[in-house]
Every structure is written in structure tokens, then in C-alpha cells.
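In: Quick one: sequence and predicted model below, then my questions.
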Amino acid sequence: MTEQILAAPIEQQQEQQRGFSRYQAFLIALLAFAQFTIILDFMIMSPLGAILMPALDITAGQFGVAVSAYAFSAGISGILAAGFADRFDRKLLLLFFYVGFTLGTLLCALAPNYHLLLFGRIVTGLFGGVIGSVVLAIITDLFALHLRGRVMGFVQTAFAASQVLGIPAGLFLANHWSWHVSFGAIVGLSIVTMAAILFVMQPVDAHLRLKQDRNAFAHLIATIGQPRYTLAFAVTTLLSTGGFMLMPFGSAFTVNNLGIDILHLPTIYLVSGLFTIFIGPLVGRASDAFGKFPTFVFGSVVSVVMVLIYTHLGHVSLTTAIVVNVLMFIGIFSRMIPSQALISAIPDPGQRGSFSAISASVQQLAGGLGSVAAAAIIAQNPDGTLRHFDRLGYVVVATSILSMIALYFVQRPIARKAGKRMV
């Protein structure tokens, strides 16, 4: 009954037309653009690493702390927000956290030294780390499961767009002016997004008609105490740990170990992003057409192979570096989109916000631990090259295999409920 309360309007519209309505298309675009700014703010730290470390005179370990500070603060805020996540209009919740994220990014843009940059990353993480969970809850409320692969595919193109447009532009600004300007540009984009959320987005409050727990703490405990959610959180942990281990040091590894000139670094992100911006919607359609779990397995296999190749590369040509990055991101997208769509079917309608917030918290905390662990595993030679990067690859492969096994058991009850062997 509760599922019908939230899903019926969308299903009725889908009976009337094959595609999305005008407002649905706008909403998907708006959520994708919001995700674009959030992902760009996080991802820009990796390519800026080769610029920030010498500019601020910090070590690879200190840079790893700056990256993980965002993740840890985001993890803490996710837990704190979980109890309240289903008690407010999701539009207002999105706007609140987005304003805080914008202020945190502004602090980064104005930071004159490492310590204030670190503080800015903490503030940004406190607010920005929760936004992804609010976006996921909105999608889950407004779109039926058989459509979520497509929606996730479009929204996750924000990841690719941040590479195609954001990261090259950010590097261009940093190379020609200052890294401060890169964060300032994100602030400008965020102000435009805030205005669209405030004035155009409709309320998302159907979940408020459902039965709520007496207080926020009880709601948090009720969500955490659901045994069937535990394995889903484990999948999120495994996927995040692997992703955060490689990402922060990607630019330093590319420049110093692969021998790619820093001026060519934007080209790698640009070409990789151009490929993946088209791959995202295709992966979303494939996950709806062929099954989300089979698509995830395909992506995991591709990721394992490409991570092993990538982490064992020596000096290579720019073309080789681009090809390896493109194939690796295809694998990443083919895991990220179907896993998110599949896991979104697990929580009850009245717990979607809190489940998504806890999941985001687990994701960020696991990512923070992954960044710290990666910084402890690798070392930097006097010439700037990184040692033991191959060991990170082995850890990522292990987490990928374990995540495949865990997600298989996660999808089984969903498949039974849907009356199919795989979903």
C-alpha cells in the first residue's frame, strides 16, 4: 500500500506516455547538475593534487588527510542526518545541505594555507556528503524500480561531465591562475543550482503521509536495526573502499609514474569523460533491460582487469594512458549505476531517507579509511614517483570480488519479490 502511495503517480504517467514527462526530464537534469557540482568538488582534489602538494608544500600523506577529511566529516553528518531524513520535505532537505556545501566550497576557495583548506574540506563534507543520499531518496520516491536504471544512468553522467567539463576547466584555471579559482568556479555553479532547486523544483513530501517513528533517534535505530539492510551496507563499504584508494593519487601517479606531462593531464580526463558521458545512459538502459546484477558483474570483471593493468603501468604514451582510463571508467560505471539502482529497492518507503543517509555515511567513512590506508601503503620517492601503487590494485581487486558475492545475496530477495531470477 505504501509503495502505491509513492509510485502510483509516476506509473500512471508512464502508462500515458513512453518517455518521461517534461517536469521529470527537468528534475533528472537538475539532480544530475547538483550531483555534477558535488562530484566535481570532490574529484577536483585528485587532479589538483599534483598542483596543491608543491604549492602548499605538503606531503602525499598530508594530501591524503585532506581528501579523507571530507569523507570522514561526510560520514559523521550522514549518521546525524539519518534520523531526520524522512521527517521533512526532501526538496527542503536538499536545499539546506546544498547551501552548506556551497559555503564550505567558498571556504576552500578563500583558504590561504593547508590548515584552512583542511577546515574547508571538513565543512564541505559535512553538508555535501549527505546530498547524494537525498538525491537517491528523491529518485526512489518518484521513479519505479524498472525505470531507475535509466534515471541513475542519466544522473550519474554527472560523474563523466565533471571529467569532460569540470576537471579540465578546473585544471586550466589552476594552471593559468590559481587553484583557488577552481573552487571559486564551483561556487558560482552552485549558486545557479540553488536557485533552480528553490524556485522550480516541486515539493517531494509524499513520504510524510506514512507512519513515522516518535523521534529522530528512534527512527535512526529502527533503520540501523533492520537485519536485511546490513548486507547492503557491506556492499557499499566494499565498493567505496576500493574507489577511494586509487582516486586521490591518480593524478600524481599519472604524472610521476606514467610520465605524462601535467599539461596533458586535462586531456586524459577530457577524453575519458567524453566516452563515459555516453556510457552512463547506455549502462542504465542495459541494467533495466538485461538485469542490474548481471550488468554489475560485467562491470566488476572489466574493473578487475583494468585496475590490474593500470596499477602495473610504467612510462607509457598519452594514447595508452587514455585507453586504459576509458576502459577502467567503463567498468566503474557498469558497477556504480546498477548497484545503486538495485540497492534502492531494499528500504521500506518510510525509511528511504534514513537508509540512504546511513548508506552515504557508510560510503564516506569507508572511503575515508580507504584514503588513509592508501596513504599508509604507498610512499613517494625523492623524484616524486609513487612506490607500492600495485599493492593498492590488489586490494581493489579483492574488494571487487567480495562485493560481487555480497550483492548476489542482496539481489536474491528483490528478485523473488519481483518474480524473476535476476533483477
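Out: Thanks, I have it. Numbering: from 1, shown residues only.
In: How about His264: what's its closest non-neighbour residue?
Out: Distances taken as CB to CB, 6 or more residues apart in numbering place Leu318 nearest to His264, at 5.6 Å, with adjacent residues excluded. Just so you know, the C-beta spots here come from the backbone N, C-alpha and C atoms, and that holds for glycine as well.
In: give me the number of residues near the one you found?
Out: Counted with other CB atoms under 10 Å, the neighbours of Leu318 add up to 16.
In: residue contacts, Cys108?
Out: Residues counted as contacts of Cys108 (CB atoms under 8 Å, 6 or more residues apart in numbering) are Leu117, Gly120, Arg121, Thr124, Phe183.
In: How many residues are close by Thr59?
Out: Using other CB under 10 Å, Thr59 has 11 other residues around it.
In: Same question for Ser334.
Out: Ser334, neighbours per other CB under 10 Å, totals 25.
In: Hmm, Thr295 and it touching each other?
Out: Yes - Ser334 lies in contact with Thr295 (CB atoms under 8 Å); the separation is 5.9 Å.
In: Mutual contacts of these two, please.
Out: Shared contacts of Ser334 and Thr295, counting by CB under 8 Å, 6+ apart, come down to Val283.
In: Tell me where the stretch 301-423 of the chain has strands.
Out: 379-380, 386-387 (DSSP state E, counting those that start in this stretch).
In: Out of those, which is closest to Gln364?
Out: strand 386-387 (24.1 Å; CB to CB).
In: helices or strands next to that closest one in the packing?
Out: Where contact means 3 or more CB pairs under 8 Å, 6 or more residues apart in numbering; DSSP states H and E, strand 386-387 is packed against helix 250-256, strand 379-380.
In: What average pLDDT does the first one get?
Out: Pointing back at helix 250-256 there. The average of the pLDDT scores along helix 250-256 is 82.
In: OK, contacts around Phe355?
Out: Applying CB under 8 Å, 6+ apart, we find Phe355 in contact with Thr223, Tyr229, Ile346, Pro347.
In: Gln363: which of the strands of the stretch 301-423 of the chain is closest?
Out: Counting by CB to CB, Gln363 lies closest to strand 386-387 out of the strands of the stretch 301-423 of the chain; the figure is 25.0 Å.
In: Neighbouring strands of that closest one in the sheet, and parallel or not?
Out: Using DSSP bridges, strand 386-387 pairs in its sheet with strand 379-380 (antiparallel).
In: coming back round to it: among the strands of the stretch 301-423 of the chain, single out whichever gets nearest to Trp179.
Out: Judged by CB to CB, the one of the strands of the stretch 301-423 of the chain that comes nearest to Trp179 is strand 379-380, at 19.7 Å.
In: Show residues contacting the closest one.
Out: For strand 379-380, the surrounding residues in contact (CB under 8 Å, 6+ apart) are Thr59, Ala60, Ala252, Leu386, Arg387, His388.
In: What's the mean pLDDT across it?
Out: Rounded mean pLDDT across strand 379-380 is 78.
In: The one helix or strand Ala66 maps to packs against which elements?
Out: Per DSSP states H and E, Ala66 falls inside helix 60-82. If you count contacts as 3+ CB pairs under 8 Å, 6+ apart, helix 60-82 packs onto helix 45-56, helix 114-142, helix 216-224, helix 227-246, helix 352-377.
In: quick one, which of those helices is packed in tightest?
Out: Among the helices and strands packed on helix 60-82, helix 352-377 has the highest mean neighbour count (mean count of other CB atoms under 10 Å), at a mean of 25.
In: of the helices and strands packed on helix 60-82, which approaches Leu189 most closely?
Out: Taking CB to CB, helix 114-142 is the member of the helices and strands packed on helix 60-82 nearest to Leu189, at 13.2 Å.
In: Give me the distance from the closest one to the chain's centre.
Out: Centre-to-centre, helix 114-142 and its host chain are 10 Å apart (CA atoms, centre = their mean, to the nearest Å).
In: average pLDDT across that helix?
Out: 84.
In: Other residues contacting the helix or strand following it?
Out: Of the helices and strands lying after helix 114-142 in sequence (DSSP H and E), the nearest is helix 145-155. Here helix 145-155 makes contact (CB under 8 Å, 6+ apart) with 10, 14, 28-29, 31-32, 35, 135, 139-140, 143, 280-288, 292, 337-338, 340-341, 344-345, 418, 423.
In: Take the residues you listed and, keeping just the buried ones, write it as a ChimeraX select command.
Out: Buried residues within the contacts of helix 145-155, by 16 or more other CB atoms under 10 Å, are selected in ChimeraX with:
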select :10,14,28,31,32,35,135,139,140,143,280,281,283,284,286,287,288,292,337,338,340,341,344,345,423
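In: Narrow the contacts of helix 145-155 to those in helices?
Out: Among the contacts of helix 145-155, DSSP state H puts 10, 14, 28-29, 31-32, 35, 135, 139-140, 280-288, 292, 337-338, 340-341, 418 in helices.
In: Ranking helices and strands of the chain by mean pLDDT, which lands last?
Out: helix 2-16 (a mean of 42; mean pLDDT, DSSP states H and E).
In: any weak-confidence spans in the stretch 51-200 of the chain?
Out: By pLDDT under 70, the low-scoring segments of the stretch 51-200 of the chain are 60-61, 82-86, 145, 159-160, 162-170, 172, 174-175.
In: Relative to Phe101, how far out is the nearest residue to Gly153 once chain neighbours are set aside?
Out: Nearest non-adjacent residue to Gly153, counting by CB to CB, 6+ apart: Gly284, 1.9 Å away. As judged by CB to CB, to the nearest Å, Gly284 and Phe101 stand 25 Å apart.
In: Equivalent analysis for Gly129, please.
Out: The gap separating Gly129 from Phe101 is 9 Å, by CB to CB.
In: Check Ile79 too.
Out: In terms of CB to CB, Ile79 sits 18 Å off from Phe101.
In: Look at these two and report which has more neighbours.
Out: Taking other CB under 10 Å, Ile79 and Phe101 do not tie; Phe101 has more neighbours (28 against 19).
In: Run through the residues that contact the more buried one.
Out: Counting by CB under 8 Å, 6+ apart, Phe101 has contacts Thr37, Ile38, Asp41, Thr124, Phe127, Gly128, Ile131, Ser190.
In: And Leu30, by the same measure?
Out: Leu30 makes contacts with Thr193, Ala196, Ile197, Val200, Met201, as judged by CB under 8 Å, 6+ apart.
In: per-residue pLDDT, it?
Out: pLDDT for Leu30: 90.
In: check contacts around the closest residue to Ala286 other than its chain neighbours.
Out: Leaving aside its sequence neighbours, Ala286 sits nearest to Thr295 (CB to CB, 6+ apart; 5.3 Å). By CB under 8 Å, 6+ apart, the residues touching Thr295 are Val283, Ala286, Ser287, Ser334, Ile337, Pro338.
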